[in-house]
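K.L.:
Here is a sequence together with a model predicted from it:
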Amino acid sequence: MLGILSTHTQRLRIVRGTHAPTREQAHRKHEAICRALAVRDASLAADASSVHVAAVEDWLTNGISREFSGQGAFPP
């Protein structure tokens with residue numbers, strides 16, 4: 001299942017990663033998840049993961065046209 005999702009979202013992740021502010025935000029969220037895992041705080045790791053997933057969902061539903069309008073990556 002993860003392999004299928006990964007393949008289907010790979011293009012979006014590549015495009016999203018080309019936008020510096022979005023990439024930096026994702027990096028900070030990944031670091032928060034890693035820090036929580038490093039201290040073995042499962043609740044904090046789950047919460048940080050949820051925040052990250054929610055941000056990606058928001059970007060998918062609202063942010064694509066805002067961030068990439070005029071760049072030809074996606075239609076507005």
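P.N.:
Received it, and whenever you're ready, just let me know what you need.

K.L.:
Any stretches of this protein with poor pLDDT?
P.N.:
1-9, 11-17, 19, 63-76 (pLDDT under 70).

K.L.:
what's the burial count for the residue nearest to Ala42 when sequence neighbours are not counted?
P.N.:
For Ala42, ignoring the flanking residues on the chain, the nearest one in space by CB to CB, 6 or more residues apart in numbering is Ala36 at 7.9 Å. For glycine as for every other residue, the C-beta is placed from the backbone atoms N, C-alpha and C. The burial metric for Ala36, expressed as a neighbour count using other CB atoms under 10 Å, is 18.

K.L.:
what does the one 10 residues further on give?
P.N.:
Taking other CB under 10 Å as the neighbour definition, Ala46 ends up with a count of 12.

K.L.:
that older thread, secondary structure element holding the residue nearest to Ala42?
P.N.:
helix 20-38 (DSSP states H and E).

K.L.:
elements contacting that helix?
P.N.:
The elements that helix 20-38 packs onto, with contact taken as 3 or more CB pairs under 8 Å, 6 or more residues apart in numbering; DSSP states H and E, are helix 2-17, helix 42-58.

K.L.:
between it and helix 42-58, how big is the angle?
P.N.:
Computed by axes from the mean of the first three to the mean of the last three CA atoms, to 10 degrees, the angle separating helix 20-38 from helix 42-58 equals 160 degrees.

K.L.:
Can you show me the CA trace of helix 20-38 as CSV?
P.N.:
Once non-C-alpha atoms are left out, helix 20-38 reads as follows in CSV (Å, rounded to 0.1, in the frame of the first residue of the first chain):
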residue,chain,number,x,y,z
ALA,A,20,12.0,26.6,-0.9
PRO,A,21,9.6,27.8,1.8
THR,A,22,7.5,24.7,1.5
ARG,A,23,10.6,22.5,1.5
GLU,A,24,11.9,24.2,4.6
GLN,A,25,8.6,23.8,6.4
ALA,A,26,8.5,20.1,5.6
HIS,A,27,12.1,19.7,6.7
ARG,A,28,11.3,21.3,10.1
LYS,A,29,8.3,19.0,10.5
HIS,A,30,10.4,16.0,9.7
GLU,A,31,13.0,17.1,12.2
ALA,A,32,10.3,17.4,14.9
ILE,A,33,9.2,13.8,14.1
CYS,A,34,12.8,12.6,14.3
ARG,A,35,13.4,14.4,17.6
ALA,A,36,10.3,12.8,19.1
LEU,A,37,11.4,9.4,18.0
ALA,A,38,14.9,9.9,19.3
